[in-house]
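Participant: Take a look and give me a structure for this.
(chains A, B, C and D)
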Number of protein chains: 2
Amino acid sequence: MKQDSDLETLLGYQMQRAFLTMTEDARRVLEPYGLTPAKLTALLLIRANPGCDQTALGRALSINRSSAMKLVNALVAGGFIERRAGRNLRTNALHLLPHGETQLADLVVALRESDRRMSARLSAAEHATLFALLGKLGPARTRRTPHEPA
Amino acid sequence: MKQDSDLETLLGYQMQRAFLTMTEDARRVLEPYGLTPAKLTALLLIRANPGCDQTALGRALSINRSSAMKLVNALVAGGFIERRAGRNLRTNALHLLPHGETQLADLVVALRESDRRMSARLSAAEHATLFALLGKLGPARTRRTPHEPA
DNA sequence: TATTGTTATACTCTATAACTATA
DNA sequence: TATAGTTATAGAGTATAACAATA
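Facilitator: Numbers count the residues shown, from 1 in each chain, chains lettered A, B, ... in the order given. This next block holds a predicted model:
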């Protein structure tokens, strides 16, 4: 199967291929824990924001309340987190359980190893450059300050 | 919502964020054509390999025969391609239709513009560096030649 | 009125399994 | 036997719409 020359020169396509390569290894690491990249991200956000509610978590993950519900249900069922009483009667507070904390610590180590494996052909300087350039992707900022007239 | 420091320093996570940023814009460009990134990739592969069969297409896209079937059905329904008689009676040959060719030409232009928009904060040299570094991601090659003993 | 959690439902993309025709 | 296409079915992950309880 021949490759297409247009496809190969599109940055978006190159990004996708690289992303799939990375994510494939990460998924393999996460699988024994019963987690996916999205679930891991949720756990790390809950760890950084103990007591947050489901809706806020959903916003941070760019999914809606209903999807956040299913995600939280899965994390509760997996014994990673629990719902506690929240700031008022209609919100609940999400907290890591001890089991979740230890699993998470192990996983971060394993994922750093995965990163290292998948960037093994890059020097430390190249790794840093790649990281920085990825952070610069996205639409250009129009108007640096909110009060600029034109 | 606070970010997690582990999360922010993982290359895989940085990749995902950058990829989602890129892909969001690309999807917006593709939507009026009734296409997704996967369908566009399929069309470009069919263009580069006229007369290929569904199974080969599926392999190139890392999806199985059944999923390739649905993808091809959608492309046929959209008037982009057609199934013609293949090399033998159990394979069919996929070919772009004129409509597909013209749409594809327009789309490649629009996607290059999307790439440019999303990498607007990168210099030409940085763009080239990013492209090259992305290509170096992936597991290290063990054994350069197939016959090396250790 | 607006918001949070919840449930029901549906859509997309993927996979597995089984069947048919052909090689 | 093995392979290509096809169909049926199922499992993630997402979304919308509606409802109850609470703010």
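Participant: ranges for the strands of chain A?
Facilitator: Under the criterion DSSP state E, strands of chain A are mapped to A:81-85, A:92-96.
Participant: And DNA strand D, is the last one touching that?
Facilitator: So that's strand A:92-96. No. Using CB under 7 Å from any atom of the strand, strand A:92-96 stays clear of DNA strand D, with a minimum separation of 11.3 Å. (Each C-beta comes from the backbone N, C-alpha and C, glycine too.)
Participant: which stretch among the strands of chain A comes nearest DNA strand C?
Facilitator: Across the strands of chain A, DNA strand C has its closest neighbour in strand A:92-96 (4.7 Å, CB to the nearest atom of the strand).
Participant: which residues touch the residue nearest the centre of chain A?
Facilitator: With distances taken as CA atoms, centre = their mean, the residue of chain A nearest its centroid is A:Thr41 (4.0 Å). Taking CB atoms under 8 Å, 6 or more residues apart in numbering or on different chains, we find A:Thr41 in contact with A:61, B:7, B:13.
Participant: how about 10 Å then?
Facilitator: Neighbouring residues of A:Thr41 by CB atoms under 10 Å, 6 or more residues apart in numbering or on different chains: A:35, A:57, A:60-61, A:71, B:4, B:7, B:10, B:13, B:16.
Participant: Need these in a markdown table (columns: pLDDT).
Facilitator: Below are those laid out as a markdown table (pLDDT from 0 to 100):
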| residue | pLDDT |
| --- | --- |
| A:Leu35 | 98 |
| A:Leu57 | 98 |
| A:Ala60 | 97 |
| A:Leu61 | 98 |
| A:Leu71 | 98 |
| B:Asp4 | 96 |
| B:Leu7 | 97 |
| B:Leu10 | 98 |
| B:Tyr13 | 97 |
| B:Gln16 | 98 |
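Participant: Weed out the non-buried ones from these.
Facilitator: A:35, A:57, A:60-61, A:71, B:4, B:7, B:10, B:13, B:16 (16 or more other CB atoms under 10 Å in any protein chain shown).
Participant: Just name the closest of these to DNA strand C, please.
Facilitator: A:Leu57 (7.9 Å).
Participant: I'd like to check which residues are in contact with that closest one.
Facilitator: Counted by CB under 10 Å, 6+ apart, A:Leu57 has contacts A:41-42, A:45-46, A:49, A:63, A:65, A:68, A:71-72, A:75, A:94, B:1.
Participant: I'd like those written out as CSV, with distance to A:Ala132 added.
Facilitator: Compiled in CSV, those are given as follows (distance: CB to CB, whole Å):
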residue, distance to A:Ala132
A:Thr41, 21
A:Ala42, 27
A:Leu45, 23
A:Ile46, 28
A:Asn49, 26
A:Ile63, 28
A:Arg65, 35
A:Ala68, 31
A:Leu71, 31
A:Val72, 34
A:Leu75, 32
A:Leu94, 33
B:Met1, 24
